[in-house]
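Engineer: here are the coordinates; sequence isn't available:
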C-alpha cells in the first residue's frame, strides 16, 4: 500500500457518453470508448474525472459508470477513479464503490464551497484514505476546486497520510513537479493534469500525464510519452508542436464539450454534454475538424 | 408571476441541524429553529441556502429539509428555497419539490465546475424558471460559485426570463444595488446577501437582507431593518455598530460552523456542521461567546 | 498636527493641462482650472493625485505644478498634495516641496515595484511623516498601487505614526469607512476616492469625497455632499442617480483621458493626456457629450 | 536590425551598489561587480533591470549606471539595458542614452498606472522602438507591471514593430516559450526571466536566462546552461536540483535585498537596497549563508 504504485505514462480519461435523445447514461457507449482507450495502448484509465462530468451525475449513475468502466478494463491496465464529493461521507462512499469494483487507486479533488481550514482538509483526506485499502492520489486543480494545495501543503499531508503516495497537479506551474518530488524525498509520484504543459511536465519529472486527449488522438499522446521517456528531445518536440493547438483547443472549450464534439467528428458519437453545458457551436466544431485533420494529414501518427 | 413579490425585510436563513452522535438530519431540531425564526418576527424564511449546508446533503435529505421547513412556516411568512445544483436537471428537480411544498420563490446560484458560456448560463436559468410557476431569485455570489454575474448580465437575463424578478447580490459591492434597480428600470427587486454591508445595502436600495444572523440575534437584525427603512440614520448606526463585529465573525468563520457554535452557546444545540467542516475550535467559540455577551449586555435589544 | 484637520466635503482633483502642440506643461491652463475649482465652491483642492498624471511628470514639472496650484488656491481652501514616489527619498523630497509651498496636508500612496514587507511600508510612511510638520493622508488604492492596506493595517500604522490622521480609501469596499473610524476610535478621518460609491461612502461616515468630477460638474458634486450631510436621503438619490453614469464613465476610461475630453467639450481645453495615454477616441467622446448634456438638460444644477 | 540577435545563454543582471553610509551611487562598486560578471563568463550583461532598482534611481543616477556598466563591459559581451519609465517620453530618453553608450539592445517593461488600452501599449512600444536603431526586447512581467502581455498580443505587436525581435517572459508559464516561438514562426527569440523555471524554460526553447543569480553563483548558472544546451538531461538536473532552493530564496525575498545580502556574505559588499526597501533581516541572511554554503560544499562548481 505504501510502495510506489506502477502508475506511469498516458493515463486516459474517458468522457461519459449520454443518449442524444433521452440524455440518459449510454453504458454501451462507455464500454466502447473504454475499450478503445485500452486497445490504443493507454497505460491507465481514469473514469469519473473532470472530463467524465462527474459533478453532473446522480449517485446511481456515478456507480454505474464506475462499475462499467472497471469491468471493461478488466485489470488489463491500472485504473484511477475520481471520487470527489463535497461531503466527506459522500467521498468515502464513492471510494468504497471504487474499491469494491477493483480500482487501482482513488483520486480526491477537494470540492470547496465554504473555504476549508487546513485541519478540515487534512481530516477529509485522512478519512477518505482510511476508508479503503487503496493508495490515494491527491488532485490539485485550483481553477475548478477553488483551493490551491501547494507543494509544501501536499508534502505535509503526505507525511501524515501514508496512503497519499501520488499527486495529480493541474495548476500548470511546472516548477511544482520538481518541488513535490524533492520535498518528499521522492516518496510522492507526480502526475500532470494540465495538457498544454505535457512535454514540460515529463521533462520536469512527472511520472504520467492525465488527459482526455487519447479519446481523440491516442497515438499522438503515446508517441509523446515514448519520446519524452527515452529523452529523445527532438522527436518529442516534433510530436508536441503539432499536438499543442489541439490540446489548447480542448482545454479552452471545456473537455466534455470539446472531446464529445471530436468523437462526433470521428463517427464515434458519445452524445451531448449534460446541461447546463451545451454542445460545441458549429463554428468551433469546424475549427476542431481542421485541427484533427491537420494531425491526420501529417502522416506522423494515425488517428484512431 | 411577473408582478413584484412582497418580499422585503429580514430574510432569515436557518442552518440545518444534525444529530451530534449519528450525523443524521435532525428534523425536530429544524422545526424548532424554523419556528423560532418565524416567532421572532422574520419577514421571510429561506431554507437550503449557503448557511443550510445544501451541498453537503443527499437528495432525499434535501427534500426532507425543504418539506419540513415549509410545513413549519405554514405560509405565515414568504419562503425562498435555494435550489442550486451543478446540473440543470438536478436544479429543476429541486425547484419542483420546492413548488410542490408551497415555496414563495426559488433561488438559483449557478454552481460552476467547467466555466459556463453566457448561452449556457442563460439556458440554465431559463429552464429552471420554466419548470415551475414560481418567481425566481438569481443569486450572485462570485466567492462561492466562481462566476460573477454583473448587473449588466443580470439585467440582460431578466429581460429574457420573465420569472427572474429578484436578485440576491453577495459580492459586497454596494454600487450594484443601485445599478441593478436603475438598469432594470425598477423591474428587479434586489436583496443583499453580504452581512458586513447590511446597512449600506439598505441605504443603497436593497429591499431585503438575506442572513443567518437571526438564528442568533433576531431582534438586532429586525431593529436594523426597522431603523433603516424609516430613514432613522442615527438609530440605524447605533444598532449596526455593535452588531458588525458579530456579523464579521460569522462570515469569517463560515456560517454553518459559526452559527452552530452560537446556537450551542445559547442552549439551542443544532449539532455539528457536516464534514469536511469541523466544529468551531474552543478559542474561537470563546470569542463568539464574548461577542454575543456584549450585545446581550448592551440592553438595546434582547437576544432570543 | 495631531488634531483632526478641518478637511471635509468635496475635495477636487485638477488634471494637469499640457500644451496640445508641444506636450509641455500649461501652467496658465492649470491656474485657470484651479481657480475654477475654488470659485465653484470646492471644499479643498488636491493637486498631483492620480488624475493629475503625477507619474508622467519630471521632477521639475512636479515642482512647478505643486507651486502653481498652491499659489493659485492661496489659502482660500485647504490643499492636499499627492507626493507618491517609488523611493522614500523621492517621496520625502516632494513632501518638503509641498510643505514649503504651504500645503495643508500630504497624501502618500505606496508605489510598489518589489512587494514591500510590513516593516518596509511602516518605515516608509514614518520617514515621510517625519520629514515635514504636515498631517499625512495615507492613500489606499490596491488597483493602482498593487498593495492593499486593510483597515487593520492602517489603524496599526496610525498608532505608531501620529501625523497619520487621515485615510483616503479607494478600494470601493464601503464597509471600510465604518471599520476605519471604529477601529481607530474615531481618530482617523476617512475620505472616499472611489467615485461610484460616493453616496454610500458619505452615508457610511466618509468625511469627504476625493474626485476629479468637479473639473466638469462641480455643482452636482457639491449638491450631493450637501444633501448627504443634511441627511436628506431622497434629495441625495435625486442628485446621485443622474450623476452616476457620468462618474462610471470617467473612472472606466481613466480619469486623465476622460476629464480632459470633457474639458474640451466644455470649451475649457486642457490638452491631451501624456503618452502612452491617448486622447479619448471620437466615439467615446460623443458618449461623454451625451452624458454631460443629459445632466445639463435636467435643469437641476447648472454646469459650470 | 531585423536579423535575430546573437543573444543567448546566461544574461547576468547586476544589482546597483550604493554607499552604505550616504546611500549614494557607488560607481566603483558597480564597475567591480560588472567586471566580475563578465570575467565569470556571462554571455551578456543587463543593467537597470528589476534587480538594478531602476525605479529607485533619479534620472542622472540612471544615466550614470548605464554609462558605467557599458563602459566596463566595453563590448566584450552583448548588453541589454532596461529602459522602462511610466511615460513614453521618459522611456525614449533612456533608450537614447542606452544607444549612445553602445547598448546591444533595449528592454521595455510597460509600467502601468492607469490601465492602458491595446492602442496605447502599441504606440508606446512603437515609439520607443523608432527612437533608436537598436533591437528591442519586450519584457512581460505581470507581477510587477500589472499588465499581462500574452503570446498572442506579443506576436501581434511584433508583426507591426520590426525592431521587436525578442521577448523576456517572466510570468513563469512555461508553455509560453513554445507558444511565442511557434506563433511568430520562429521570428521571436524568447528569454526566461523567472528563475525557478530556468531549466524547464531552456527545455521549452528559451534562448537565454535573465538572472541576477550570477552575482552570487555564476559557475552554477553557466553550468546549467551548458548542460541544458547540450541536452545532457541528467547533468542539468544534478546542477539545477541543488541550485533551485537558492533561486527560490532570492526571488521570494526580492532580488535587490537578497542579492545584496549575499554579496555581503561573500565579502563583496554592494551596500543596502534603497528605501523603502530594507536590508535582509539577520535570520534570513543566516538562511542565505546556509544556502550558499551548501552549494560551495557540494564541490560541483566553485563559488566566485
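Structural biologist: Yes, it's here. Keep in mind it's a predicted model, so treat the numbers as computed, not measured. Residues are numbered from 1 along each chain as shown, chains lettered A, B, ... in the order given.

Engineer: Can you tell me the closest non-neighbouring residue to residue A:88?
Structural biologist: In space, and not counting its chain neighbours, residue A:88 is closest to residue B:275: 3.8 Å by CB to CB, 6 or more residues apart in numbering or on different chains. To be clear about C-beta, it is placed using only N, CA and C from the backbone, and glycine gets the same treatment.

Engineer: Model confidence score at that neighbour, please.
Structural biologist: For residue B:275, the pLDDT comes out at 95.

Engineer: Quick check: phi and psi on residue A:80?
Structural biologist: The phi and psi values for residue A:80, taken as degrees, to the nearest 10, are phi -130, psi 110.

Engineer: buried stuff in the helix or strand containing residue A:96?
Structural biologist: Per DSSP states H and E: residue A:96 is located in helix A:88-100. By neighbour count, and taking 16 or more other CB atoms under 10 Å in any protein chain shown as the criterion, the buried residues in helix A:88-100 are A:88, A:89, A:90, A:91, A:92, A:93, A:94, A:95, A:96, A:97, A:98, A:99.

Engineer: Toward the C-terminus from it, list the very next helix or strand.
Structural biologist: Read in the C-terminal direction, the helix or strand following helix A:88-100 is strand A:105-108, with elements assigned using DSSP H and E.

Engineer: chain center to the helix or strand just after that next one: distance?
Structural biologist: With elements assigned by DSSP H and E, the helix or strand that comes after strand A:105-108 is helix A:118-130. Its chain's C-alpha centre and that of helix A:118-130 lie 22 Å apart, by CA atoms, centre = their mean, to the nearest Å.

Engineer: same check, this time on stretch A:230-249
Structural biologist: The mean C-alpha position of stretch A:230-249 is separated from the chain mean by 19 Å, CA atoms, centre = their mean.

Engineer: try stretch A:264-275
Structural biologist: Relative to its parent chain, stretch A:264-275 has a centroid offset of 19 Å by CA atoms, centre = their mean.

Engineer: Between the two ends of it, how far is it?
Structural biologist: Stretch A:264-275 has its terminal residues 18 Å apart, counting by CA to CA, to the nearest Å.

Engineer: which parts of the stretch 151-300 of chain A sit against chain D?
Structural biologist: Within the stretch 151-300 of chain A, the positions adjacent to chain D are A:172-175, A:178-179, A:182, A:196-197, A:199-200, A:203-204, A:231, A:233, A:240-241, A:244 by CB under 8 Å from any CB of the partner chain.

Engineer: Mind giving me the packing neighbours of the helix holding residue A:96?
Structural biologist: helix A:59-73, strand A:105-108, helix A:118-130 (3 or more CB pairs under 8 Å, 6 or more residues apart in numbering or on different chains; DSSP states H and E).

Engineer: Give me the buried stretch members for the next helix or strand after the first one, please.
Structural biologist: Downstream of helix A:59-73, the next assigned helix or strand under DSSP H and E is strand A:80-82. For strand A:80-82, the buried set under the neighbour-count rule, 16+ other CB under 10 Å, comprises A:80, A:81, A:82.

Engineer: so what secondary structure elements neighbour strand A:80-82?
Structural biologist: Packed against strand A:80-82, as judged by 3+ CB pairs under 8 Å, 6+ apart, are the following elements: strand A:105-108.

Engineer: Tell me the gap between the strand it packs on and the middle of its chain.
Structural biologist: 11 Å.

Engineer: Adjacent strands (with direction) for it?
Structural biologist: If you go by DSSP bridges, strand A:105-108 pairs up with strand A:80-82 (parallel), strand A:136-140 (parallel).

Engineer: Quick check: mean pLDDT of the first one?
Structural biologist: This predicted structure assigns strand A:80-82 an average pLDDT of 97.

Engineer: Run through who's touching that strand.
Structural biologist: Applying CB atoms under 8 Å, 6 or more residues apart in numbering or on different chains, the external contacts of strand A:80-82 come out as A:7, A:11, A:44-50, A:52, A:54, A:66, A:70, A:94, A:98, A:101, A:103-107, A:109, A:137, A:139, A:210.
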